[in-house]
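> fold the following.
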Amino acid sequence: MRILSFKARRRLVLSWFMALLFSTMLLGTAELRGAPAPSDGSSSPAVKQGNDIFHKRCISCHNKQPGDTSPFGPPNLYEVFHQQPSLTSKQAETIIVQGKGLMPAFGGILSKSDIRSVIAYLRTKPL
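All right, here's what the predicted structure looks like:
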């Protein structure tokens, strides 16, 4: 049995993670039918659009449900937008456009209107 060096293990884990990230991004581009409607009764077109975009583009990584406080993985966006002090819309827009940490930049993928719709959806989603 061959034991991998630390560098080899790190490369293996990184390549596995990148393959997983790439595949979830590809799946995110596919039309997902039946995305749940916002449960707060909001009928705003921006919130509905944000719901659709969130469930197509973001849920593959930010799949935590309201109330999930697990410290592992990407942050629970429902919590981030409702905790005190809350993330401002401008800060959220900058993170989505430029990316942060392992999160890729979506500035070239989503329009400003799309990004604002996602933020509106996350702000109205009850905990």
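
> just give the number of residues close to residue 81.
18 (other CB atoms under 10 Å). Where C-beta positions appear, they are placed from N, C-alpha and C, glycine not excepted.

> what sits closest to it if chain neighbours are left out?
In space, and not counting its chain neighbours, residue 81 is closest to residue 122: 4.4 Å by CB to CB, 6 or more residues apart in numbering.

> ok, residue 109 next?
residue 57 (7.5 Å).

> is it true that the one you found touches residue 103?
No - Residue 57 is not in contact with residue 103 according to CB atoms under 8 Å; the separation is 11.2 Å.

> more neighbours: which of these two?
Set side by side, residue 57 and residue 103 show more neighbours around residue 57, with 21 against 16, by other CB under 10 Å.

> surely that one forms part of a helix?
Yes - counting by DSSP: H, G, I helix; E, B strand; the rest coil, residue 57 is part of a helix.

> show me the contacts for it.
Neighbour list for residue 57: 28, 106, 109, 110, 118 [criterion: CB atoms under 8 Å, 6 or more residues apart in numbering].

> from those residues, which has minimum pLDDT?
Lowest in pLDDT among the contacts of residue 57 is residue 28, which has 47.
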